[in-house]
Structures are given as C-alpha cells and as structure tokens.
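Chemist: Provided below are the primary sequence and the corresponding predicted coordinates.
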Amino acid sequence: MNDQSFSLLFSILALITGGIIGLLFGLIQNQALLHNKKLLKQGKLKRSLLIMPGSFTRIAILLFALAVVQITCPIFFSGNIQWLVSAGILISYAYTLLKQLNNRISDNQSNF
C-alpha cells in the first residue's frame with residue numbers, strides 16, 4: 001500500500017473511533033435521561049431542574065475517553081487527522097441528540 005492508502009485508512013479509522021466514542025456517550029446520556037424521567041414520575045426526584053444529575057461526570061468521562069484515545073493511539077493524532085476523531089464524536093453525538101429531539105417532537109404531536 002502506498003502513503004495515500006494509509007492516509008485514507010487512518011482517516012476512516014479516526015472517524016470510526018470518534019464515532020464510537022460519541023455514540024457511546026450519547027447512549028449513556030440517553031439512558032440517564034430515561035432513568036431520571038422515571039424517577040421524576042415516581043416522585044423520587046424532587047425538582048425537575050435536577051433531571052440530569054451527574055451529567056458533569058459523564059462529560060468528564062467523555063473527555064477522559066478522548067484523552068485515552070489520544071494517548072494510546074497517537075497515529076490518529078498526527079497532522080490533521082486529530083480533527084477527524086473530534087468530527088466523528090461530534091457527528092455521532094449530534095445524531096443521538098437529533099434522534100432524541102425527533103422522538104420528543106413525535107411524542108408531542110401524538111398528544112394533540
């Protein structure tokens with residue numbers, strides 16, 4: 001394989017790695033939201049302002065996971081490939097948020 005093929009392969013791997021991290025983070029956030037909504041309905045969560053307790057911790061875990069990938073996979077972070085990992089995280093996390101928004105919109109329309 002030539003250098004262009006390796007560059008393309010590393011770019012794809014960087015996007016996939018970032019995508020996996022962002023998707024896992026989005027799924028964890030979604031599960032936490034569902035759990036906290038359940039607690040709110042049961043009356044175990046006193047204020048709706050506390051619907052996402054622990055989200056700061058989950059964000060710290062996301063940043064830690066990104067740092068681990070940066071340290072353990074330095075090949076992903078040479079040149080401009082580092083931005084592809086971040087783009088993968090952004091795209092996959094945005095996908096989970098947009099999916100959640102779509103579910104809320106469809107739930108609100110079914111209530112009318």
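Modeler: Ah, there it is. Residues are numbered from 1 along each chain as shown.
Chemist: Got the confidence number for residue 19?
Modeler: pLDDT, residue 19: 91.
Chemist: any weak-confidence spans in this protein?
Modeler: Residue ranges of the chain with pLDDT under 70: 1, 45-55, 70, 73-78, 110-112.
Chemist: Report the secondary structure state of the most centrally placed residue in it.
Modeler: The centre of the chain sits closest to residue 22, judged by Cα atoms, centre = their mean, with a distance of 2.8 Å. Secondary structure, DSSP: H, G, I helix; E, B strand; the rest coil: residue 22 is helix.
Chemist: got a list of what it touches?
Modeler: Residues near residue 22 by Cβ atoms under 8 Å, 6 or more residues apart in numbering: 88-96. Using the backbone N, CA and C atoms, a C-beta is placed for each residue, glycine as well.
Chemist: Just send the residues you listed back as TSV, with neighbour count too.
Modeler: Output for the contacts of residue 22, formatted as TSV (neighbours: other Cβ atoms under 10 Å):
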residue	neighbour count
88	23
89	25
90	14
91	14
92	22
93	21
94	12
95	14
96	18
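Chemist: can you put the residues you listed in CSV and add secondary structure and distance to residue 72?
Modeler: Shown next, in CSV, are those (DSSP: H, G, I helix; E, B strand; the rest coil; distance: Cβ to Cβ, whole Å):
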residue, secondary structure, distance to residue 72
88, helix, 16
89, helix, 16
90, helix, 21
91, helix, 22
92, helix, 19
93, helix, 21
94, helix, 25
95, helix, 25
96, helix, 24
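Chemist: and of those residues, the nearest to residue 2?
Modeler: residue 88 (24.4 Å; Cβ to Cβ).
Chemist: OK, contacts around the closest one?
Modeler: Contacts of residue 88 by Cβ under 8 Å, 6+ apart are 14-22.
Chemist: and the gap between it and residue 44?
Modeler: As judged by Cβ to Cβ, to the nearest Å, residue 88 and residue 44 stand 36 Å apart.
Chemist: Can you tell me the element residue 44 falls in?
Modeler: Under DSSP states H and E, no helix or strand contains residue 44.
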